[in-house]
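**Student:** have a look; sequence and predicted model below, questions after that.
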Amino acid sequence: MNIHLFAQNNSIQLWNDFTVYKPLQNRFSFDCEVSYRTNLGSSNKWHSVNVIPKIEKSLGNHWDLLLYVASINTLQQQYYNTWELRPGLGVRFHFTPAKKLLIRILGRFELRNQYTFETRIWDVNFRTRYRLEEIYFINGESFEKNNLWYLLSDLELFYSIDKELEERYSDRLLLRLGAGYKLSDRWRFETIYTYQFSKNTITGEFSKDDEGILRLRARYYIK
């Protein structure tokens, strides 16, 4: 079954994310993101539940190393359900070119293992991701301050090295704009709107007719 043959209705996706973060010894840290994602206002429903534990290692003042394994259960459409196991490795470079401004550059390599329940078939895909992110602090100069408001934006490109998986919203180019609030050393909240370009078919070009994404994110930091 090729799910890309089905037309995508214009609607909006809603992503609800909750992340727990814990610093560890020797400049390591651990976090785990749990999210529920769906599309609203579309007759061709799509749902996804994501659990993404991640280990980070700070390599100094400007470099971080990331290792994660994502578990993703998705109803692609009626009678088409998938589960994906996605280990990934990433490197992040970050710096402050100006007061109140933080720049992050992140590159990731992912091995995507997708199982389709209806066909009982495994598909494997190698994918790279490249993100340029900017954070502007409104009433502070860094995340050290509480009751902090900040703006964020980023551009991310997803590129499949080999055969694409049978899924909706593949090989995306994402533009994100949002705002965040750091309440305390333990809590941060963000609201982000994403404009995405996706391929409607495996061999198609990027489309501007796909869904936007409203992302509501909460982070809890264990000290």
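**Tutor:** Perfect, I can see it now. Numbering: from 1, shown residues only.
**Student:** and residue 140, helix, strand or coil?
**Tutor:** coil (DSSP: H, G, I helix; E, B strand; the rest coil).
**Student:** and the pLDDT for the nearest residue to it once chain neighbours are set aside?
**Tutor:** Closest residue in space to residue 140, ignoring its immediate chain neighbours: residue 148 at 4.6 Å, by C-beta to C-beta, 6 or more residues apart in numbering. Placement of C-beta: from N, CA and C, glycine included. What the model reports as pLDDT for residue 148 is 97.
**Student:** tell me what residue 148 is bridged to.
**Tutor:** Residue 148 has the following beta-bridge partners by DSSP bridges: residue 182.
**Student:** which regions of this protein sit below the pLDDT cut-off?
**Tutor:** 1-11, 163-171, 198-211 (pLDDT under 70).
**Student:** specify the strand with the largest residue count in it.
**Tutor:** Criterion DSSP state E: the longest strand present in the chain is strand 80-98.
**Student:** for the next helix or strand along the chain from that strand, packing partners?
**Tutor:** Downstream of strand 80-98, the next assigned helix or strand under DSSP states H and E is strand 101-116. When contacts are defined as 3 or more C-beta pairs under 8 Å, 6 or more residues apart in numbering; DSSP states H and E, strand 101-116 packs onto strand 80-98, strand 121-137.
**Student:** so for the last one, what gets flagged as buried?
**Tutor:** Meaning strand 121-137. By neighbour count with 16 or more other C-beta atoms under 10 Å, strand 121-137 contains the buried residues 123, 125, 127, 129, 131, 133, 135, 137.
**Student:** residues touching that strand, excluding its own?
**Tutor:** 90, 100-116, 143, 145, 148-166 (C-beta atoms under 8 Å, 6 or more residues apart in numbering).
**Student:** just the buried ones among these, please.
**Tutor:** Counted by 16+ other C-beta under 10 Å, the contacts of strand 121-137 give 90, 102, 104, 106, 108, 110, 112, 114, 116, 148, 150, 152, 154, 156, 158, 160, 164-166 as buried.
**Student:** end-to-end on stretch 113-131?
**Tutor:** Taking C-alpha to C-alpha, to the nearest Å, stretch 113-131 runs 22 Å from one end to the other.
**Student:** what count of nearby residues applies to residue 176?
**Tutor:** Residue 176 is flanked by 18 other residues according to other C-beta atoms under 10 Å.
**Student:** re earlier: give me the helices and strands touching the longest strand of the chain, please.
**Tutor:** Using 3+ C-beta pairs under 8 Å, 6+ apart, strand 80-98 sits against strand 63-77, strand 101-116.
**Student:** off-centre distance for the first one?
**Tutor:** By that I understand strand 63-77. Distance of strand 63-77 from its chain centroid, counting by C-alpha atoms, centre = their mean, to the nearest Å, is 8 Å.
**Student:** buried sites along that strand?
**Tutor:** 64, 66, 68, 70, 72, 74, 76.
**Student:** ok, what's across the strand from the second one?
**Tutor:** Meaning residue 66. Beta-bridge pairing of residue 66 under DSSP bridges involves residue 56, residue 90.
**Student:** what of the fifth one?
**Tutor:** Beta-bridge pairing of residue 72, defined through DSSP bridges, involves residue 50, residue 84.
**Student:** a markdown table for the helices and strands packed on strand 80-98, including distance to residue 196?
**Tutor:** Shown next, in a markdown table, are the helices and strands packed on strand 80-98 (distance: least, C-beta to C-beta, whole Å):
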| stretch | distance to residue 196 |
| --- | --- |
| strand 63-77 | 16 |
| strand 101-116 | 17 |
